[in-house]
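S.K.: With the input below, show me the fold.
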Amino acid sequence: AVVSTQSTGEQLQKEREAAAGYQQKLKDEAELSIKQLENRAKDLENKNKKIFDEKCRFELQNRELIAKVKFHEEERQADKGEIERLKLERTERDKERQNEMRELRTAVTDLAVVRQELKDTTKRLSSLQEQLELSEALKSKLENQIDTQHFKCEKLENTLQSVSQEVVKGNEIIQRMQGEMKEMKMRLKNRGMQIERQKKTIKEAEERAVA
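M.R.: Below is the predicted model:
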C-alpha cells in the first residue's frame, strides 16, 4: 500500500510539473501574441498618421493649384479685354487712315506714320493672341493637375479608412486573446485545486494505511 501511495504521489508530482509547464507555455504564447498585436497596432497607427499628413500636403498643393488657375484666368480675361480694345483701336485706325488718305493724299509722311502704328498694333495683337493661347494651354494643364490631385486625395482617404479598420480588428483580437487567457488561468486554477484535493485524499489514504 505504501509503495502504491508513493507511486501515486510521484505521478501527481509529474502531473503538477506538466500542468505548470503547460500553464507557462500558454502564458508565454499569449504574451507573445499580445505583444505582436500591439506592435502591429502601433505600426498601423504610424502608417495612419503618415497617410493623414500626406493627405494634408496634397490638399495644400490642390489649393495652391486652384489659386494659380484663378490667377491665370484673371490674366486671360484681361488679355481678352486688351485684344478687344486693340481690335476696336485697329478699326478706328483704319477709319482714320482712310479719312487721311482721302483728305491728305499728299501727306506721305503722315501716312507712313499711321501705317507703322497699324503694323505695331497688329504685331502687338498677334503677341497677345499667342499669350492668350499659352494661357489657355496652361489653364488646361492646371485643371488636369487638379483632377490628378483629387484622385490621389480620394485614394488616400480610402487607404486611411482601410488602415483604421485594421486597427479596430487588431484591438478586437487583443481583447479576445485577453479573455481566452483569463479563461485558461481559471481552468488551470481549477486543475490545481483538483490536484490538491487528490493529494489530500492520497495523504489520508497513506495515513490510514500506516495506521
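
S.K.: show me what contacts the residue nearest the centre of the chain?
M.R.: In the chain, the centroid-proximal residue (Cα atoms, centre = their mean) is residue 51; its distance is 3.0 Å. If you count contacts by Cβ atoms under 8 Å, 6 or more residues apart in numbering, residue 51 has them with 156, 159, 160, 163. (Each C-beta comes from the backbone N, C-alpha and C, glycine too.)

S.K.: Most neighbours among the residues you listed, which one?
M.R.: Within those, neighbour counts (other Cβ atoms under 10 Å) peak at residue 163, which reaches 20 neighbours.

S.K.: Run through the protein and note the low-pLDDT ranges.
M.R.: Low-confidence regions of the chain, defined by pLDDT under 70, span residues 1-7, 9, 100-101, 104, 107, 110-111, 209-211.

S.K.: where do the helices sit along it?
M.R.: In chain order, the chain shows helices spanning 2-103, 108-210, with DSSP state H as the criterion.

S.K.: measure the closest residue to residue 167 other than its chain neighbours to residue 161 for me?
M.R.: Nearest non-adjacent residue to residue 167, counting by Cβ to Cβ, 6 or more residues apart in numbering: residue 44, 4.8 Å away. According to Cβ to Cβ, to the nearest Å, residue 44 and residue 161 sit 12 Å apart.

S.K.: So for these two, which residue has more residues nearby?
M.R.: Neighbours of residue 44 and residue 161, each counted by other Cβ under 10 Å, are more numerous for residue 44; the result is 19 against 11.

S.K.: residues contacting that one?
M.R.: 163, 166, 167, 170.

S.K.: give me that answer again for 10 Å
M.R.: With Cβ atoms under 10 Å, 6 or more residues apart in numbering as the criterion, the residues that contact residue 44 are 162, 163, 164, 165, 166, 167, 168, 169, 170.

S.K.: For the second one, list the residues it contacts.
M.R.: Same thing as residue 163. Residues in contact with residue 163 (Cβ under 10 Å, 6+ apart) are 43, 44, 45, 46, 47, 48, 49, 50, 51, 52.

S.K.: tally of neighbours for the residue nearest to it when sequence neighbours are not counted?
M.R.: If you skip the residues right next to it in sequence, residue 163 has residue 48 as its closest partner in space, 4.8 Å away by Cβ to Cβ, 6+ apart. Other residues within reach of residue 48 by the criterion other Cβ under 10 Å amount to 18.

S.K.: Please report how far residue 48 lies from residue 39.
M.R.: As it turns out, when the distance is counted by Cβ to Cβ, residue 48 lies 15 Å from residue 39.

S.K.: Residue 170 - how many residues pack around it?
M.R.: The number of residues packed around residue 170, counting by other Cβ under 10 Å, is 20.

S.K.: Right, I'll leave it there.
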